[in-house]
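Asker: Below is the sequence, then the predicted model.
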Amino acid sequence: MWKQYLALALSLLGGVRLSAQVTLEECVTLAQDNYPLIRKYDLLNQTKAVNLSDINKSWLPQIQVYGQGTVQNETPTFPESLTGIISQTGTNISGLNEWQYKIGADISQNIWDGGASKTGRQIERAEDAERKAALDVQLYTIRQRVEDLYFGILLIEEQAEQTRNMQALLQSNLDKLRTMYENGTAMQSDVDMVEAQYLSTAQQLTQAESTAKSYRKVLEIFTGKSLVGQELVKPDASLPQNLMPERPELRHFEAQLQANEARNASITASTMPRIGLFAQAYYGYPGFNYFENMINRDLSFNLLAGVKVSWNIGAFYHKKNDRRKLRLSSDHIAVERDMFLFNTNMQTRSQLDHIDELKDVMQKNDRIVELRANVRKAAEAQLDNGVIDATDLLTKLTDEKQARLTASYHEIQFLQSIYQLKYTLNQ
């Protein structure tokens, strides 16, 4: 039974340990989700929905209601000779009144717009994809800032750990020297020298811990998550398998080209004729029957309806230049894309060479640390035998500390270089 309790306790402890860890990938994801710019995606979706709704509403009947009153100095009348003849029949023709008024409505309905609404929807969707791709580019830069912070914290905390180890060695030797001084085999100056170095190391540790704490607070602002008591896990050191860049900038270039393609279709639509129905209805004076309104001036209801075909021939004047402008724009985008790929490939090659250089350097780090530790241990033994003084021992301790710090720096730098390469490739 006690074995079951032990297994349960270990599993719980393991769960606590895992929950107290955070990875670089988690920090990047949290930072991107927490960044205020992320809210623009929803705003872009709303903008696209509104614009598409406006385009679709162009197919709804267009109604214009109006009211007007006019006065004019001349109106149509019958010739006097004809008026005289008609008046003999007992009919008085006074002609149209100079005061005229009516209220009415004009109604139009598209039947075919030459493909303008279709291309309008295509352009809106293409431009929405372009805007989101540009937003992806801005959001992608957050990844590099978070990675720099993350590796900076790893490096500083590793330096703090090595400083603590150095403190432990100094404390051990300080206790030893104090015992030797009490026994008359060491001088007070030796004790003071090691104690001064111990206090100096304590100051370095305080500064490192303060810097690490400040970096963590900045990372907390990015991620929106508390990192108190959280262990930052060292990332995986595996190189990306695919060296082809998949950067959001490339998707942005492609989205720009697609938007130009959609705009090109709209040029064709602008040269097509439009067909629609129309109707005009009004109540007023005069009506469409002018002859009757010359005799009486009663208000009447009037209706006019038909089919209208319109063709803007002027669109052909600009068609060639408009297409040329789009081709030039697409050519500029293609040049920028090629420049980006060229620079990315150059940067990738440089980063790979730097990673190979660090690999070669790191192969000797463990051996250097081992040799420095052996020399320091020998110096401690020699101090016990009175062969060397505290100055020589401190030199050996400093050399070992520097060797360990250098090894840690190379390791963190190697990991950061790999992730800089992954950032360059978006892998």
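Answerer: Yep, it's here. Residues are numbered from 1 along each chain as shown.
Asker: drop to CA atoms for contacts and neighbour counts, all remaining ones
Answerer: OK.
Asker: Just to check, Val146 is in contact with Thr29?
Answerer: No: applying CA atoms under 8 Å, one finds Val146 not in contact with Thr29, separated by 9.8 Å.
Asker: Now do the domain split for this structure, please.
Answerer: Annotated domains of the chain cover 21-60+114-273+318-425, 62-112+274-310 [automatic domain parsing].
Asker: Export those domains to CSV and append columns for mean pLDDT.
Answerer: Below are these laid out as CSV (pLDDT from 0 to 100):
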stretch, mean pLDDT
domain 21-60+114-273+318-425, 90
domain 62-112+274-310, 84
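Asker: returning to that earlier point: out of Val146 and Thr29, which sits in the busier spot?
Answerer: Shown here are Val146 and Thr29; by other CA atoms under 10 Å, Val146 has more neighbours (23 against 14).
Asker: residue contacts, that one?
Answerer: Cys27, Val28, Ala31, Leu219, Phe222 (CA atoms under 8 Å, 6 or more residues apart in numbering).
Asker: Would you convert the residues you listed into CSV that also reports neighbour count, distance to Asn293 and secondary structure?
Answerer: Converted to CSV, these look like this (neighbours: other CA atoms under 10 Å; distance: CA to CA, whole Å; DSSP: H, G, I helix; E, B strand; the rest coil):
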residue, neighbour count, distance to Asn293, secondary structure
Cys27, 22, 83, helix
Val28, 22, 81, helix
Ala31, 23, 78, helix
Leu219, 24, 84, helix
Phe222, 21, 79, helix
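Asker: from the residues you listed, which is closest to Glu127?
Answerer: Among the contacts of Val146, Ala31 lies closest to Glu127 (CA to CA), at 26.7 Å.
Asker: wait, doesn't the closest one sit right on Tyr150?
Answerer: No: taking contacts as CA under 8 Å, Ala31 lies outside contact range of Tyr150: 11.8 Å.
Asker: Quick check: closest non-adjacent residue to the residue nearest to the spatial centre of the chain.
Answerer: Of all residues in the chain, the one closest to the mean position by CA atoms, centre = their mean is Leu139, 2.3 Å from it. Of all residues not flanking Leu139 in the chain, Gln32 sits nearest, at 6.7 Å (CA to CA, 6 or more residues apart in numbering).
Asker: who does the longest strand anywhere in the chain pair up with?
Answerer: Longest strand of the chain, by residue count under DSSP state E: strand 99-112. According to DSSP bridges, strand 99-112 forms sheet pairs with strand 62-71 (antiparallel), strand 274-285 (antiparallel).
Asker: picking up where we left off before, just the domains of the chain: most buried one?
Answerer: Stretch with highest mean neighbour count among those: domain 21-60+114-273+318-425 (a mean of 17; mean count of other CA atoms under 10 Å).
Asker: got the end-to-end distance for that one?
Answerer: This stretch, domain 21-60+114-273+318-425, spans 27 Å end to end (CA to CA, to the nearest Å).
Asker: centre of the chain versus it, how much separation?
Answerer: Centroid separation for domain 21-60+114-273+318-425 versus its chain: 17 Å, with CA atoms, centre = their mean, to the nearest Å.
Asker: quick one: the helices in the stretch 1-150 of the chain?
Answerer: 2-19, 24-34, 39-56, 80-87, 116-182 (DSSP state H, counting those that start in this stretch).
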